[in-house]
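Asker: need a structure here:
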Amino acid sequence: MKKTLAIWFCLVLLISSSVLPVIGNADELLTATAQQNNHIRALAASCAACHGTLGNAVLLPNVGSKVGQANAVLAGMAVSAFTSKMLGFRDGSEKATVMHHHAKGLSLDEINQLAVHFSQQKPVVTSPLKPQTLQAEHEPL
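Answerer: Residues are numbered from 1 along each chain as shown. You can find the predicted model right below:
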């Protein structure tokens, strides 16, 4: 009986020591001050130039039989996938045109917080606007 109890105790200790730090880390990522939230939202807004509002990149028009996409859709991306990509850009193991410059400017904490931010966004398929043509005639100067 004592041996079984000791085994259960060791098993619970082993499991809790490996699971609780992960839970604790996730909790830290989700709780942030208002100032931190503003900072992350400002960083995420700078991503919008290429990745679209709230991480919803605009789809390019069809080219032949292939649908193109300008940049990665970040909205709804898994935290681990986002973090892995950004760390890859930062250390050079992921190929990129400009992302390695952006990733090198972020701390690990900022990358983690951006990962959580984008994982919470709803993915929305966004198509480019149709070009407009002017119908009006202009008077010569």
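
Asker: Helices along this protein, start to end?
Answerer: Counting by DSSP state H, the chain has helices at residues 2-30, 34-51, 79-91, 99-104, 108-119.

Asker: Ranked by average pLDDT, which of the ones you listed falls at the bottom?
Answerer: Lowest mean pLDDT within the helices of the chain: helix 2-30, at a mean of 50.

Asker: For residue 59, which residues count as its bridge partners?
Answerer: Judged by DSSP bridges, the bridge partners of residue 59 are residue 69.

Asker: hang on, it packs against residue 127?
Answerer: Yes: applying Cβ atoms under 8 Å as the test, residue 59 and residue 127 come out as touching, 5.5 Å apart. Glycine gets a C-beta too; all of them are placed from N, C-alpha and C.

Asker: Endpoints of stretch 98-110, how far apart?
Answerer: Using Cα to Cα, to the nearest Å, one end of stretch 98-110 lies 18 Å from the other.

Asker: In it, which residues are buried?
Answerer: For stretch 98-110, a neighbour-count test (16 or more other Cβ atoms under 10 Å) marks 99-100, 102-103, 106, 110 as buried.

Asker: Between residue 59 and residue 127, which is the more surrounded one?
Answerer: For residue 59 versus residue 127, the count of surrounding residues by other Cβ atoms under 10 Å is larger for residue 59: 16 against 9.

Asker: Please tell me how far that one sits from residue 40.
Answerer: 26 Å (Cβ to Cβ, to the nearest Å).

Asker: what does residue 47 give?
Answerer: 11 Å.

Asker: same check, this time on residue 82
Answerer: Applying Cβ to Cβ, the value for residue 82 to residue 40 is 13 Å.
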